[in-house]
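>>> Make a model of this:
(chains A and B)
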Amino acid sequence: MTSTIDAPRSPYSRSPQKRGVNWEKWGWIYMRVSGVVLVVLIFGHLFVNLMIGKGVDALNFAFVAGKLANPFWQTWDVLMLWLALIHGGNGMRTLVNDYATTQLTRGILKSSILAAVVILIVLGTLVIYTFDACPAGSPANLLPSFCSAN
Amino acid sequence: MRSAHRRPDIVVAAISQGGLVMPQQSAATLASQQKTTSLRPAGTLYRGREGMWSWVLHRITGVAIFFFLLVHILDTALVRVSPEAYNGVISSYQTPIMGLGETALVAAIVFHAFNGIRIILIDFWNAKYQKVMFYVVIGLWVVTMLGFVPRHLYNVFNK
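Modelled structure (predicted):
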């Protein structure tokens, strides 16, 4: 592929009106802003799920249901879901731009990334907000303790 | 002569970090350090040594975390199906091999997080300290892993 890249910091060849929104700039800013927030969200997520108590061994439906019944952790998880998937998808897009050389493979790879990101954001958001911590008919020993209290 | 020959590579290397070349000031700082006999091209952090290897590791860990994230959202979505479905998949993760996999995952995440902050500091603060900051990243990574790995492996191997 032969394409010419302008020298760094050379002036724009088009006028500001014709240039439109600089999406690459906003993508660049997004990576940095979401990155900082994600460090806090993911380190907190890992600490609560892997470090406290018996760590990974304690993970089961009752543990997750107990967390997702709480609006604080709902918000935490939804933020993490959106920020991380878009951050990861945009990072993968950067790699495709760097390494995929033909238009066809670039198109297929970038559409696949977009589809995965959109589908998982919709799925994850639906799960977090339509989730029932105490599904009817499930054995009580698999559910969080607050289910039997009512 | 030789460094003039290499100029196109420099431009490409600077752009592939994420679409933008580095800020004027930090590029100028680097260029001023390399006025004399160095064969290393001026104005890039991403060619050779610490700058390049941190970039390589950032990409590899980023891809690994992305693919883990896809699977992680799908398995967590099983809480919406039934307690039995979720517990079935999670208990298949609670094995020694997966425990080692989680250790590798956390290692990748912690590096990506600290090196990401290093990238932000290079962009918005000062590129002059990028090598020192790479070793700070490695140091913080070691400290964080020393806090995490023994506790996690204890949980994995002591049922």
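>>> from what I can see residue A:117 touches residue A:89, true?
Yes. The pair residue A:117 / residue A:89 is scored as a contact, 3.9 Å apart, by CB atoms under 8 Å. Every residue, glycine included, has its C-beta placed from N, CA and C.
>>> all helices for chain B, in order.
B:2-5, B:7-15, B:24-33, B:49-77, B:83-93, B:96-124, B:130-157 (DSSP state H).
>>> Show me where chain B dips below the pLDDT cut-off.
For chain B, applying pLDDT under 70 flags the ranges B:1-44.
>>> how does it divide into domains?
Here the domain assignment for chain B is B:1-47, B:49-159, based on automatic domain parsing.
>>> Tell me which of these sits most buried.
Stretch with highest mean neighbour count among those: domain B:49-159 (a mean of 16; mean count of other CB atoms under 10 Å in any protein chain shown).
>>> closest to residue A:135 out of the domains of chain B?
domain B:49-159 (6.7 Å; CB to CB).
>>> helices or strands next to the helix or strand hosting residue A:85 in the packing?
Using DSSP states H and E, residue A:85 falls within helix A:71-99. Secondary-structure packing of helix A:71-99 (3 or more CB pairs under 8 Å, 6 or more residues apart in numbering or on different chains; DSSP states H and E): helix A:23-46, helix A:61-68, helix A:103-130, helix B:49-77.
>>> picking that back up, possible to save the helices of chain B as TSV with distance to chain A?
Shown next, in TSV, are the helices of chain B (distance: least, CB to the nearest CB, whole Å):
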stretch	distance to chain A
helix B:2-5	13
helix B:7-15	5
helix B:24-33	6
helix B:49-77	4
helix B:83-93	4
helix B:96-124	5
helix B:130-157	4
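>>> quick one, which of those helices is nearest to residue A:6?
Nearest of the helices of chain B (CB to CB): helix B:7-15, 8.1 Å.
>>> Check the offset of the helix holding residue A:85 from the chain's centre.
3 Å (CA atoms, centre = their mean, to the nearest Å).
>>> ok, and the helix or strand in chain A with the lowest average confidence?
helix A:16-19 (a mean of 74; mean pLDDT, DSSP states H and E).
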